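Peer 1: Dropping the sequence and predicted coords here.
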Amino acid sequence: MKEYIEQAEAALLHTYNRYQIVLDRGEGVYLYDMNGKKYLDFVAGIAVFALGYHYPGYDEALKGQIDKLIHTSNYYYNSPAIEAAKKVKKISGMDRVFFTNSGAEAVEGAIKAARKYAWLKDGGHDHEIIAMNHSFHGRTMGALAVTGNPKYREPFEPLIGSVKYAELNDFDSVLNCVTDKTCAVILEPVQGEGGLRPAGQEFLQKLRALCDERDILLIFDEIQCGMGRTGYMFAWQRYGIKPNIMTSAKALGCGVPVGAFMMTERVAQNSLTSGDHGTTYGGNPLAAAAVDKVLEIYERDHIVDHVCQVAPYLEKRLQELTDKYDCITERRGVGLMQGLVFDHPVGETITRALEKGLLLINAGPDIIRFVPSLIITEKDIDEMIAILDTCIEG
Ligand SMILES: *Cc1c(COP(=O)(O)O)cnc(C)c1O
C-alpha cells in the first residue's frame, strides 16, 4: 500500500491528512484494504453509506440504469428523477425538489432561494443570513460563508458577506442578529462536523415563531442528520418544527454523489424561477436511480425503525465508556449520530483503532464521531466497543 500512497501524494492536491491505508472493497458494515485486512466501519463514508456496502438490490438498480442511460442534461425529463423527486417530496414534507451533485451545492441553492425570496419582496441587495457558530455547511464560497468555523473561512474572505453568527440554543443571540435585512436563518437540527450538538426543542420553537413573525426563511441543513440517522427520516420531524427550505445529501444516494434542496410551495412560488438556477449533472438518471432505490429500500425494509431499535444500545454502550474513563468528558448526539468528547486530541486513539481493524472519525480535534451505517446490529456495536476500549488511554 505504501507505493500507492506515495503515488497518491505525488498526484493529489494535499488537502487531507489521510489515514495510511488504501481501501479496496466493502461488504455490509466492513471494509477491506488492498492487503485484504478487514475493518469494522463506523464512519460509513462520513454518514453516507446508510445501507452499508452492497445492500441487496442497490447495485442492481445502478447497473440497470447504467445499461439504459446515465445522463440526459436537465433540458429533458428522465423517469428516475421523476420517481426520486416524488419520493423525496413524500419523505420530506416539502413541495419542490432540486437535485444537486453534493451537499455544499444544495446549501448554495438554499441560499440563492432565500436571497431571491427577499429580493422579490423589497428589491434590496443587502440581505443578511444568520448562521450558527460551530456549524458546517460545506466548502464552496456560499456554504463556507455560513459555516461557523473561522478557521475554515478566514483564508478565503471576503465570502458572500452579510452573514451573522449566533449561538445554537441561545435564542437571544439570534435575536441580537436580527435586522430588517435578515432573509434567512440556517442551521443543522443536529450539528455534525461541529461537534454532535442537538438543537433544543424550545430553541427551535422560538426560532420558528420568530421566522414566521418576520417572514424570515428557516433553512434546515439535514445533510448529515437527515435520512433516518436520528430515528426520524429528517431530524426536524423529531421536533415537529418544519423549515421553509431544507437540504439533503450524504446518505441520500448512499454512495452516488447526489444532494437536494427542497422547499415549500409558497417559497417556490416566490423565489427561484426558470433561468435562476441550474446544474449540468444534478439529478441525472444514474444519481436519481440511486435516490429512488435508496428511498424504496428505506420504506420497504423499515430502515428508520431499525435505527430506533438499535440506537439506544449504541448510546448505552458509549455511556458505559464515558463512565469508565476520566478522559471522556461527555457523550452527546442523537440516534446513530453520536460523539464522545475527550479532554485531549483523539487522533492517536483513532489511529490505534484503525490498526486494530476499526474505522472511526473525529469531529473537531477532541471528539470521536460515530456515524455508522444505519443497518448496524447490537453485535457490531459490541465489536466496536470492545476494540475502542483497548485504544483509550487512562
Ligand atoms: C457534509 C456536509 C455538508 C457538505 O456536503 P458535501 O457533499 O461535502 O459538499 C454540508 N452540510 C452538512 C451538515 C454536512 O454534514
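Peer 2: Received it, and whenever you're ready, just let me know what you need. Numbering: from 1, shown residues only.
Peer 1: Looks to me like residue 384 is in a helix.
Peer 2: Yes: Residue 384 sits within a helix when classified using DSSP: H, G, I helix; E, B strand; the rest coil.
Peer 1: Number of residues surrounding it?
Peer 2: Look at residue 384: counted by other C-beta atoms under 10 Å, it has 24 neighbours. Any C-beta I mention is one placed from the backbone N, CA and C, and that applies to glycine too.
Peer 1: Can you name the residues of the stretch 101-250 of the chain that neighbour the ligand?
Peer 2: Contacts of the stretch 101-250 of the chain with the ligand, taken as C-beta under 6 Å from any ligand atom, map to 102-104, 107, 136-138, 188, 192-193, 221, 223-224, 249-250.
Peer 1: Now with 8 Å, please.
Peer 2: 102-107, 135-140, 143, 188, 191-193, 221-225, 247, 249-250 (C-beta under 8 Å from any ligand atom).
Peer 1: how near is the nearest residue to residue 181 once chain neighbours are set aside to residue 211?
Peer 2: Using C-beta to C-beta, 6 or more residues apart in numbering and skipping the chain neighbours, the partner closest in space to residue 181 is residue 128 (4.6 Å). For residue 128, the distance to residue 211 equals 14 Å [C-beta to C-beta, to the nearest Å].
Peer 1: Between those two, tell me which one has more neighbours.
Peer 2: The neighbour count for residue 128 versus residue 211, taken as other C-beta under 10 Å, is higher for residue 211 (22 against 18).
Peer 1: That one touches residue 186, doesn't it?
Peer 2: No: contact criterion C-beta atoms under 8 Å: residue 211 and residue 186 do not qualify, at 11.1 Å.
Peer 1: picking up where we left off before, can I have the buried ones of the residues of the stretch 101-250 of the chain next to the ligand as a PyMOL selection?
Peer 2: A single PyMOL command is used to select the members of those judged buried by 16 or more other C-beta atoms under 10 Å:
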select buried, resi 102+103+104+105+106+107+135+136+137+138+143+188+191+192+193+221+222+223+224+225+247+249+250
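Peer 1: Please flag which of the residues of the stretch 101-250 of the chain next to the ligand sit within strands.
Peer 2: Those of these mapping onto strands are 191, 221, 247, per DSSP state E.
Peer 1: was I right about residue 146 contacting residue 128?
Peer 2: No: between residue 146 and residue 128 there is no contact under C-beta under 8 Å: 11.0 Å.
Peer 1: Pull up the overlap in contacts between these two.
Peer 2: By C-beta atoms under 8 Å, 6 or more residues apart in numbering, residue 146 and residue 128 have these common neighbours: residue 163.
Peer 1: Other residues contacting stretch 258-265?
Peer 2: 88-89, 92, 94-103, 105-107, 109-110, 113, 223, 244-250, 252, 271, 282-283, 287-288, 290-291.
Peer 1: Residue numbers of the stretch 251-394 of the chain in contact with the ligand?
Peer 2: Counting by C-beta under 8 Å from any ligand atom, the stretch 251-394 of the chain sits next to the ligand at 257, 259.
Peer 1: closest point of the stretch 251-394 of the chain to the ligand, which residue?
Peer 2: residue 259 (6.0 Å; C-beta to the nearest ligand atom).
Peer 1: just to revisit the earlier point, who does the residue nearest to residue 181 form a beta bridge with?
Peer 2: residue 182 (DSSP bridges).
Peer 1: Looks like it contacts residue 183 (just checking).
Peer 2: Yes: at 6.6 Å, residue 128 counts as touching residue 183 under the criterion of C-beta under 8 Å.
Peer 1: Overlap of the contact sets of the two?
Peer 2: With C-beta under 8 Å, 6+ apart as the test, residue 128 and residue 183 reach no residue in common.
Peer 1: And the strands in the stretch 1-150 of the chain?
Peer 2: Using DSSP state E, counting those that start in this stretch, the strands of the stretch 1-150 of the chain run over 23-27, 30-33, 38-41, 96-100, 128-132.
Peer 1: I'd like the ones you listed as JSON lines, with distance to residue 385 appended.
Peer 2: Formatted as JSON lines, the strands of the stretch 1-150 of the chain follow (distance: least, C-beta to C-beta, whole Å):
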{"stretch": "strand 23-27", "distance to residue 385": "21"}
{"stretch": "strand 30-33", "distance to residue 385": "16"}
{"stretch": "strand 38-41", "distance to residue 385": "11"}
{"stretch": "strand 96-100", "distance to residue 385": "37"}
{"stretch": "strand 128-132", "distance to residue 385": "31"}
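Peer 1: Which one of those lies nearest to residue 170?
Peer 2: Smallest distance to residue 170 across the strands of the stretch 1-150 of the chain (C-beta to C-beta): 9.4 Å, for strand 128-132.
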